[in-house]
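K.L.:
okay, here's the prediction I keep looking at, along with the sequence it came from:
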Amino acid sequence: MAGIHKQSKWTYLLVLILLGIVIIWSIPIFGLLVSSVRPRDEVMSTGWWRALESEEGFTLDNYRQVLGGSDQTFVNASGETVRASGDNLTQAFINSLTVTIPSVIIPILIAAAAAFGFAWLEFPGRKFFFTLVVAILVVPLQIALIPILRDYQTLGLTGSYLGIWLAHTGFGLPLAIYLLYNYISTIPKDIFESAFLDGARPMVVFARLVLPLSVPAIASLAIFQFLWVWNDLLVALVFLGGTNDVAVLTQKLASMVGSRGQDWHLLTAGAFVTMVIPLGVFFSLQRYFVKGLMAGSVKG
Amino acid sequence: MKRMMLSLFIIMLLASPLFAGGAQEAAEEESNVVRVFGAFVDEEARRFEEAIRPFEERTGIDVIYEGSSEFETLISVRVEGGNPPDIAALPQPGLMKNFASKGVLVPMWSSLEDAVDSNYASVWKSLGSFEGTPYGVFHRVNAKSFVWYPKKAWDAAGYEVPTTWAELEALMDQMVADGVKPWAVGIESGGATGWAGTDWIEDIMLRTVGPDVYDQWVSNEIPFNDPAVKDAFEILGDIWLDPAYVYGGANTILTTSFGDAPSPMFSDPPKAMMHRQGNFITGFFPDDIQANLEEEVGVFPLPSINPEFGIPVLGGGDQFVVFNDSPAVRQFMEFLATWESGELWARSGGALFPYKNQDLSAYPNEIERSLAEALVNAKVFRFDASDLMPGQVGAGTFWSGVVDWLTGKNLDSVLSDIQKSWP
């Protein structure tokens, strides 16, 4: 009895500590949420924790401006002063999805095949090429921007979606291959041996055995790659450009704060709007995620 | 497996028209499209687009503007990568010089040069030139040497606008006696913290030693620890380092964002009476103040210190430079050199223009009109020194030097550290 009692006391303490950490981590996000429903002047003048003292109360105006386009006043060609909304986020959402979905699927497919090859197929230079892939992991992508842009200019790929898919594929591949290699190489050897004995070709083994067995690793990789591409600003700006027809969500949000950051209060609402899709992706793949995080960590 | 093949197939299908289509369209439209890349975004970009619409309608040329808050990084990457825009609006003369020295810019042709000669004061042409060759056409500019005050409280207290530094100091003491802080100051700006302080130093330099010494300072012909510079810091220190004169004292200066800095002026009653900043600061004022700008806010140029130099104006601006030459690009550049290209933007507000022949009545309120007037009539106009100095100093040690000095570091060592960092 005493032992159990003691144990539960420790459990309580642990839970309390964890709860404390969770609260500390959540406070900034909570503050962001509160700020996102406060009027501009109050966000600018007082901290979010004083929201309840406010006279103006709460407003969804920030969300309206983020989703429907920020308020703009200008004089048009016929000399009239016009008050209108800027472009809304629909096009940017579509652009972001157009960029992100293939940029997640292509590298994962290639990486899975490559990882399978590195793990289970015999070919000359296997070790060397794998070392090369691991070595590329440490090369920062910024180094590659200008050379790739030059090549894209010659190929006519700048400003096209294909260009940015390939760029994200290239930048994502080393980590993807490495992660999947570690997972795929832990699949018991017997499975492959029996498949090969039954006369299965490598391609069939890959599609029927490796892919289904690697779903946890693939899912967690998909989450990482999705978040990286979705949140990317630099690669999109360099290879895709920032005109309205191709601008992705991050670019729209970055410009929404205005040339001198005078409208930064809109970012609070913008953060929650952009969070929606990554959260959806995360929760739909979440049940694989924990399993996937362990991928390759305990190699047999 | 089938599903995988299918998705791959769909991707290819999606990709091919985008890829091919883009290239085809580009070839067809090339001659009638002008691509402009600049640093202003959102509302300002919209105002620019509206201002050039009459030109597009008249000529049939399609001007596509792309703005990015990451402009400085991107323009260099795109130029290096062989993908420059047709025209770029460069906020810093240093960038223009950098590109001009690499030979990637198209110099002004004679008809454009004539237009610039007749529409601008000569200082703008020389700011757009590198080694005697003119490249840049200035369009929207800003001016920074202004002091803003809450008009109603100011009038109620019976204060008068000072025209000399002695009058300003007397006014500051009067305010202290009345129990209100004279200045609201804030220089926090993330990684760029300090720039608002460098503007003060530059303004004071122009007023104490004049434009010639200022130019020598910018090109490091006089060192950063020259007595002229030290003197400017000390004049500023008399205000900033005296807690009686600044709302919140030196710590508040450091931790208040430059955009939030004016807000103590608009509480009731005001906690501070004056704020020195460029014309763009009105965009940071509270909404109800912005709505009634003329009634709520007054503005005057930072007073003269040495009467010999009058009231100089410090400012900055975007210069448009050409990367790809074409008849449409030439037509658009010549349009940008005329007041007509700025008129609609001036009427929208938030922008000043340097044209000699501009119609001041276009500005939407008395405040901007007086700023534009001060800008056009200034006997001395100088570009923001920190934008002209090499990046290591102008966007580095000069900024951080101001911060170090505010946190109590010895002024002599701050200045000699900045001098040492000069490349």
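P.N.:
Good, I have the coordinates.
K.L.:
give the contact list for the closest residue to residue B:250 other than its chain neighbours.
P.N.:
Using Cβ to Cβ, 6 or more residues apart in numbering or on different chains and skipping residues adjacent in sequence, the residue nearest residue B:250 is residue B:406, 5.2 Å away. Any C-beta I mention is one placed from the backbone N, CA and C, and that applies to glycine too. Taking Cβ atoms under 8 Å, 6 or more residues apart in numbering or on different chains, we find residue B:406 in contact with B:187, B:197, B:240-241, B:250, B:253-254.
K.L.:
pick out the most distant pair among those.
P.N.:
Across the contacts of residue B:406, the longest distance by Cβ to Cβ is 13.5 Å; it joins B:187 and B:241.
K.L.:
out of the two, which sits in the busier spot?
P.N.:
residue B:187 (25 against 16; other Cβ atoms under 10 Å in any protein chain shown).
K.L.:
residues of the stretch 101-250 of chain A that sit close to chain B?
P.N.:
A:102, A:105-106, A:109, A:145-146, A:148-150, A:152-153, A:156-162, A:165, A:204, A:207-208, A:211, A:233-234, A:237-238, A:241-243 (Cβ under 8 Å from any Cβ of the partner chain).
K.L.:
and with 6 Å instead?
P.N.:
Contact residues, the stretch 101-250 of chain A versus chain B (Cβ under 6 Å from any Cβ of the partner chain): A:102, A:145-146, A:149-150, A:153, A:156, A:158, A:160-162, A:207, A:237-238, A:242-243.
K.L.:
between the residues you listed, which is nearest chain B?
P.N.:
Taking Cβ to the nearest Cβ as the measure, chain B sits nearest to residue A:149 out of these, at 2.8 Å.
K.L.:
list the buried residues of the helix or strand harbouring that closest one.
P.N.:
For residue A:149, the element it lies in under DSSP states H and E is helix A:142-155. Residues of helix A:142-155 classed as buried: A:145-146, A:148-149, A:152 (neighbour count, 16 or more other Cβ atoms under 10 Å in any protein chain shown).
K.L.:
which parts of the stretch 251-400 of chain B are strands?
P.N.:
With DSSP state E, counting those that start in this stretch as the criterion, the stretch 251-400 of chain B has strands at B:272-276, B:297-301, B:313-322, B:381-383.
K.L.:
how far away from the center of its chain is the longest one?
P.N.:
Okay, so that is strand B:313-322. Distance of strand B:313-322 from the chain centroid (Cα atoms, centre = their mean, to the nearest Å) equals 7 Å.
K.L.:
now swap in the shortest one and tell me
P.N.:
Its chain's C-alpha centre lies 11 Å from the corresponding centre of strand B:381-383 when counted by Cα atoms, centre = their mean.
K.L.:
ditto for stretch A:51-59
P.N.:
Worked out by Cα atoms, centre = their mean, stretch A:51-59 lies 34 Å from the chain centre.
K.L.:
what's it in contact with?
P.N.:
With contacts defined as Cβ atoms under 6 Å, 6 or more residues apart in numbering or on different chains, stretch A:51-59 is touched by A:34, A:37-39, A:42.
K.L.:
pLDDT averaged over that stretch - what is it?
P.N.:
Stretch A:51-59 carries an average pLDDT of 82.
K.L.:
now do the buried residues in it.
P.N.:
residue A:51.
K.L.:
check stretch A:193-206 too.
P.N.:
For stretch A:193-206, a neighbour-count test (16+ other Cβ under 10 Å) marks A:195, A:200, A:202, A:205-206 as buried.
K.L.:
cool, and stretch B:400-408?
P.N.:
For stretch B:400-408, by 16+ other Cβ under 10 Å, it's B:401-406.
K.L.:
and the gap between the residue nearest to residue B:250 and residue B:421?
P.N.:
18 Å (Cβ to Cβ, to the nearest Å).
K.L.:
which residues of the stretch 51-200 of chain A fall in helices?
P.N.:
Counting by DSSP state H, counting those that start in this stretch, the stretch 51-200 of chain A has helices at residues A:61-68, A:90-120, A:126-136, A:142-155, A:161-184, A:189-197.
K.L.:
comparing those, which comes out most buried?
P.N.:
helix A:161-184 (a mean of 23; mean count of other Cβ atoms under 10 Å in any protein chain shown).
K.L.:
on the pLDDT front, check residue A:48 for me.
P.N.:
Residue A:48 is assigned 87 on the pLDDT scale.
K.L.:
for stretch B:293-304, what is the distance to the chain centroid?
P.N.:
The answer for stretch B:293-304 is 19 Å, by Cα atoms, centre = their mean.
K.L.:
quick check: buried residues in that stretch?
P.N.:
B:293, B:296-304.
K.L.:
and the furthest pair within the residues you listed?
P.N.:
Across the buried residues of stretch B:293-304, the longest distance by Cβ to Cβ is 26.6 Å; it joins B:296 and B:304.
K.L.:
how is chain B carved up into domains?
P.N.:
Per automatic domain parsing, the domain ranges recorded for chain B read B:31-143+B:315-383, B:146-311+B:389-421.
K.L.:
average pLDDT for the shortest one?
P.N.:
Model confidence over domain B:31-143+B:315-383, given as mean pLDDT, is 93.
K.L.:
and if you look at stretch A:165-173?
P.N.:
In the prediction, stretch A:165-173 has an average pLDDT of 95.
K.L.:
ditto for stretch B:295-307
P.N.:
pLDDT averaged over stretch B:295-307 gives 94.
K.L.:
which residues touch that stretch?
P.N.:
Contacts to stretch B:295-307, defined as Cβ under 6 Å, 6+ apart, come from residues B:145-149, B:151, B:161-165, B:168, B:203, B:207-208, B:276, B:289, B:310-311, B:367, B:374.
K.L.:
from those, list the buried ones, please.
P.N.:
Among the contacts of stretch B:295-307, those scoring as buried are B:145-149, B:151, B:162, B:165, B:168, B:203, B:207-208, B:276, B:289, B:311, B:367, B:374 (criterion: 16+ other Cβ under 10 Å).
K.L.:
surely residue A:157 is in contact with residue A:163?
P.N.:
Yes: between residue A:157 and residue A:163 a contact is recorded at 3.7 Å, counting by Cβ atoms under 6 Å.
K.L.:
can you classify residue B:139 by secondary structure?
P.N.:
Under DSSP: H, G, I helix; E, B strand; the rest coil, the three-state class of residue B:139 is strand.
K.L.:
follow-up on the earlier one: make CSV from the buried residues of helix A:142-155 and add pLDDT to it.
P.N.:
Formatted as CSV, the buried residues of helix A:142-155 follow (pLDDT from 0 to 100):
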residue, pLDDT
A:145, 91
A:146, 92
A:148, 94
A:149, 94
A:152, 94
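K.L.:
phi, psi for the closest residue to chain A within chain B please.
P.N.:
As assessed by Cβ to the nearest Cβ, chain A sits closest to residue B:81 within chain B, at 2.8 Å. The phi/psi pair for residue B:81 (degrees, to the nearest 10) reads phi -80, psi 0.
K.L.:
most neighbours, which of the contacts of residue B:406?
P.N.:
residue B:197 (27 neighbours).
K.L.:
the host helix or strand of residue A:221 - contacts with which helices or strands?
P.N.:
Using DSSP H and E, residue A:221 sits in helix A:215-231. When contacts are defined as 3 or more Cβ pairs under 6 Å, 6 or more residues apart in numbering or on different chains; DSSP states H and E, helix A:215-231 sits against helix A:90-120, helix A:161-184, helix A:265-293.
K.L.:
skipping adjacent residues, who's closest to the residue nearest to the spatial centre of chain A in space?
P.N.:
By Cα atoms, centre = their mean, chain A has its centre lying nearest to residue A:227, at 0.6 Å. Closest residue to residue A:227 apart from its sequence neighbours, by Cβ to Cβ, 6+ apart: residue A:278 at 5.6 Å.
K.L.:
okay, helices next: where are they in the stretch 101-250 of chain B?
P.N.:
Going by DSSP H, counting those that start in this stretch, the stretch 101-250 of chain B shows helices at B:110-119, B:122-127, B:151-157, B:165-177, B:195-208, B:210-218, B:227-240, B:249-255.
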